[in-house]
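Engineer: missing the sequence, but the structure's below:
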């Protein structure tokens, strides 16, 4: 075992949304930071396949077990299976754990959907008696939402809708104009179904950032922060409305940790990044304080130890829980900071269900560019608060609707469903039918809130070890009727939308929610596993992501989430991580971490 | 930055040789082509980390010349040339199907059995219906349509032609994927994206009128 060459103020484990944010905020405030990333170095500026056509890629770019979202997806050494890094599911659980072993982690692949949790989302138990309340309020986090949105660049609009917060004036970038299929959907949903369709919020620069104004507003009295963040903002181009975000972005128009958070953090001179460093455990001193981490250098396969005054886990909800459970010592026989026994417990994903349809109104559309931001310009926030309050729904909590379609770039599988519409056309008629039907297919996907329950958790598999010698996770899962009924409601709603638009449903609509719902882990929004709280006996962390038992150990990623609102978690992860980082900076200045 | 200039930037970087075909289940890959465009030096070249900017297909194609010739004829029966775009074989649809069925994945291996078996059936059926020794490639357009009309729509195919209909549907889907993912196919459909814009505009008036939103 090699010994630490150098001591750091802070070690951060993971370089994604949480780790990248912590690295930036701590580095601009003068902390000496070491960031450990389990995957390889990755540079979106040089590695992104901008504009490549499908016919340049194997299988026309289609998905494979190693590249589930297609060949050009930015993910490196990731997906639901990572070679040499297995996990297991208890019988019937069928949990699927997505990872991305690369600098920036899953921020490289994510959908950039950046929705704030609303006031209700922080007090779910007070509202309906289920799950847990957060140890913070919307008002506590709102300033950090503003800052995060301004820092990373989010387009969207303020609509004043219930539990769908507005941003402060001037924070959001203007949303792009909707496309034809989005306008048509908005008209039908609004006029016939009472479903609001409003501009989506995505972490994509619809305009360049105000690199002269924002740095001083975000970091008052901090010239270093203003300089590095200003330079970073100036280096980012506005979206040029072409080539999908999921490939990454060489012009830095969308948010990825390696283009937006890590470069300014590195420019401070206070951050060192070590890639291919797979953390196994957090070590403690005789007093039970964290004093460093063990990691395996993936290139040498050697175990190393490095020390620091503060350790921040930001390895993703399940990976952070795994590190805690594997950090067993005299004071912490069941894993570091796990005196409550709750590490690994209350895992949540998002409830997902979808339906596709074909719309005659969109056939033979006059050709025009519909690429746009590649993702949604519009979406539907949850709208049935009143119905739910009156007891007319058979599930708690809500979902939002993501939808898309239109004349996007043809990809593998295009026209695979045409047979039923054309009575098996081939020959010249096939070509004519393809022209007619191209762009006439839409899909609707629900993204809904799962309520934490006792049956959804991960633990160390007594029989499992990965190729780095680290004990692996075993997952347990059971949906409650709230999730299953919600998934059914989603599919029925989407059928109603498609039919109201005069279309034909092209996928199966289930009356059994268990058949409608996506597999756990499939939506890749897992949170929980080291939940926050205000009672040390019933939570792992306080509201600043700080371990109750180990005050210099923080878990800054989604593991601390006590609920999983329908708002995709990445934006909230970053806001919570920024708030925790400010707390750490304040405590360091007070001398809390000697 | 356009793709071309992006490639120039990448070309300026020192390129490491691409390592391919070392994943379980994949087959031995051809040696990297020395004349290929310089790739991404950070990519390790495994199936989980392929070079995204200079892609290679890391498995050998496996269909025979005769199978490819028959497939090319069938692909062109499905997508013939017209005044707007070329035929499927002109953009290599049969080669894409070869790449597909040769891939080291379970779904593709099943497709390989279906397609190779279907090609044998196609020649046998040609012989049976239009004279001993005549293969599908020897038939007239009308004779080929006679066979394809019976198998082009699975729900209405005769019981003893269901498998052939599944074969036809698979080849049609793959031919459409092959054709419409090329520049020629995209032009045929009127896909006009994948090109950088200075600004994003609302839909043009004719598109709005088309859906009654003008």
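Structural biologist: Received the coordinates, thanks. Computed from a predicted structure; not experimentally measured. Residues are numbered from 1 along each chain as shown, chains lettered A, B, ... in the order given.
Engineer: residue ranges with poor pLDDT in chain A?
Structural biologist: Counting by pLDDT under 70, chain A shows low-confidence ranges at A:1-6.
Engineer: Let's see the pLDDT reported for the residue most central in space within chain B.
Structural biologist: The centroid of chain B falls nearest to residue B:178 when counting by C-alpha atoms, centre = their mean (2.7 Å). Listed pLDDT for residue B:178 reads 98.
Engineer: For it, pull up the helix or strand it's in.
Structural biologist: When elements are assigned from DSSP states H and E, residue B:178 belongs to helix B:162-180.
Engineer: If we go by neighbour counts, what in that helix is buried?
Structural biologist: By 16 or more other C-beta atoms under 10 Å in any protein chain shown, the buried positions in helix B:162-180 come out as B:163-165, B:167-180. Where C-beta positions appear, they are placed from N, C-alpha and C, glycine not excepted.
Engineer: Contacting chain A as well, which ones from those residues?
Structural biologist: B:168, B:169, B:172, B:173, B:176, B:177, B:178, B:180 (C-beta under 8 Å from any C-beta of the partner chain).
Engineer: you'd agree the fourth one is up against residue A:416?
Structural biologist: Okay, so that is residue B:173. Yes - Residue B:173 is within contact range of residue A:416, at 4.8 Å (criterion: C-beta atoms under 8 Å).
Engineer: pLDDT below threshold where in chain B?
Structural biologist: Regions of chain B meeting the criterion pLDDT under 70 cover residues B:1-38.
Engineer: I'd like the distance from stretch A:359-366 to the chain centre, please.
Structural biologist: Relative to its parent chain, stretch A:359-366 has a centroid offset of 34 Å by C-alpha atoms, centre = their mean, to the nearest Å.
Engineer: And the contacts of it?
Structural biologist: Stretch A:359-366 has contacts (C-beta atoms under 8 Å, 6 or more residues apart in numbering or on different chains) with A:180-181, A:184, A:405-407, A:435-442, A:498, A:501-503, B:204, B:206-207, B:210-212.
Engineer: Just the buried residues from those, in ChimeraX please.
Structural biologist: For the buried members of the contacts of stretch A:359-366, the matching ChimeraX selection, counting by 16+ other C-beta under 10 Å, is:
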select /A:180,181,184,405,406,407,435,436,437,438,439,440,441,442,498,501,503 /B:207,210,211
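Engineer: So in chain B, which helix runs the longest?
Structural biologist: With DSSP state H setting the assignment, residue counts place helix B:106-130 as the longest helix in chain B.
Engineer: elements contacting it?
Structural biologist: Using 3 or more C-beta pairs under 8 Å, 6 or more residues apart in numbering or on different chains; DSSP states H and E, the elements in contact with helix B:106-130 are helix B:65-78, helix B:93-101, helix B:141-151, helix B:162-180.
Engineer: got the angle between it and helix B:141-151?
Structural biologist: Computed by axes from the mean of the first three to the mean of the last three C-alpha atoms, to 10 degrees, the angle separating helix B:106-130 from helix B:141-151 equals 120 degrees.
Engineer: Buried residues in helix B:106-130, which are they?
Structural biologist: B:108, B:111-112, B:114-116, B:118-119, B:121-123, B:125-126, B:130.
Engineer: Over to stretch B:73-90?
Structural biologist: Here stretch B:73-90 shows B:73-80, B:85-90 as buried, counting by 16+ other C-beta under 10 Å.
Engineer: And the furthest pair within the ones next to chain A among the buried residues of helix B:162-180?
Structural biologist: B:168 and B:180 (18.0 Å; C-beta to C-beta).
Engineer: tell me the contacts of the residue in the stretch 201-350 of chain A that chain B sits nearest to?
Structural biologist: Using C-beta to the nearest C-beta, residue A:240 is the residue of the stretch 201-350 of chain A that sits closest to chain B, at 3.8 Å. By C-beta under 8 Å, 6+ apart, residue A:240 lies in contact with A:251, A:253, B:196, B:197, B:198.
Engineer: helices and strands around the helix or strand where residue A:323 lies, which ones?
Structural biologist: Taking DSSP H and E as the criterion, residue A:323 maps to helix A:317-326. With contacts taken as 3+ C-beta pairs under 8 Å, 6+ apart, helix A:317-326 sits against strand A:277-284, strand A:302-313, strand A:457-465, strand A:471-476.
Engineer: Spit out the contact partners of the closest residue to residue B:115 other than its chain neighbours.
Structural biologist: Excluding the flanking residues, the one nearest residue B:115 by C-beta to C-beta, 6 or more residues apart in numbering or on different chains is residue B:101, at 5.6 Å. Shown in contact with residue B:101 (C-beta under 8 Å, 6+ apart): B:62, B:63, B:108, B:109, B:111, B:112, B:115, B:116.
Engineer: Put together CSV for the residues you listed, with distance to residue A:592 on each row.
Structural biologist: Formatted as CSV, the contacts of residue B:101 follow (distance: C-beta to C-beta, whole Å):
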residue, distance to residue A:592
B:62, 65
B:63, 68
B:108, 58
B:109, 60
B:111, 62
B:112, 64
B:115, 67
B:116, 70
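Engineer: And for residue A:475, the neighbour number?
Structural biologist: 24 (other C-beta atoms under 10 Å in any protein chain shown).
Engineer: ok, it - contacts?
Structural biologist: The contact partners of residue A:475, by C-beta under 8 Å, 6+ apart, come to A:87-90, A:93, A:95, A:97, A:318, A:347, A:457-458, A:520-521.
Engineer: Tell me the spatial nearest neighbour of it, not counting adjacent residues.
Structural biologist: Distances taken as C-beta to C-beta, 6+ apart put residue A:95 closest to residue A:475, at 3.6 Å, once the chain neighbours are dropped.
Engineer: That neighbour sits in which helix or strand?
Structural biologist: Short version, using DSSP H and E: residue A:95 is in no helix or strand.
Engineer: residues touching it, list them.
Structural biologist: Listed by C-beta under 8 Å, 6+ apart, the contact set of residue A:95 reads A:89, A:458, A:475, A:476, A:477, A:519, A:520, A:521.
Engineer: what angle do the longest helix of chain B and helix B:162-180 make?
Structural biologist: Angle, helix B:106-130 to helix B:162-180, by the same axes, to 10 degrees: 110 degrees.
Engineer: Need the contact partners of helix B:106-130.
Structural biologist: Contacts of helix B:106-130 (C-beta under 8 Å, 6+ apart): B:62-63, B:67, B:70-71, B:74, B:97, B:100-102, B:133-136, B:138-139, B:143, B:146-147, B:163-164, B:166-168, B:170-171, B:174.
Engineer: Can you tell me which residue of the stretch 401-550 of chain A sits closest to chain B?
Structural biologist: For the stretch 401-550 of chain A, C-beta to the nearest C-beta, closest residue to chain B: residue A:424, 2.8 Å.
Engineer: Quick one: neighbours of that residue, just the number.
Structural biologist: Neighbours of residue A:424 (other C-beta under 10 Å): 23.
Engineer: how about it, what does it touch?
Structural biologist: B:152, B:153, B:154, B:156, B:169.
Engineer: 10 Å instead, please
Structural biologist: Neighbour list for residue A:424: A:418, A:430, B:148-149, B:151-157, B:165, B:168-169, B:172 [criterion: C-beta atoms under 10 Å, 6 or more residues apart in numbering or on different chains].
Engineer: What of residue A:12?
Structural biologist: A:18-23, A:26-27, A:33-37, A:265, A:271, A:273, A:293, A:308, A:310-315, A:554, A:556, A:577, A:581.
Engineer: mind listing which of the residues you listed are in helices?
Structural biologist: Residues of these located in helices (DSSP H): A:18, A:19, A:20, A:21, A:22, A:23, A:26, A:27, A:265, A:577, A:581.
Engineer: farthest-separated two in those residues?
Structural biologist: A:18 and A:27 (14.6 Å).
Engineer: neighbour-wise, which of those two wins?
Structural biologist: In this view residue A:18 and residue A:27 are compared by other C-beta under 10 Å, and residue A:18 has more residues nearby, 38 against 30.
Engineer: Would you mind measuring from the more buried one to chain B?
Structural biologist: 24 Å (C-beta to the nearest C-beta, to the nearest Å).
Engineer: ok so, going back, and the buried residues of helix B:106-130, which is closest to chain A?
Structural biologist: residue B:108 (8.2 Å).
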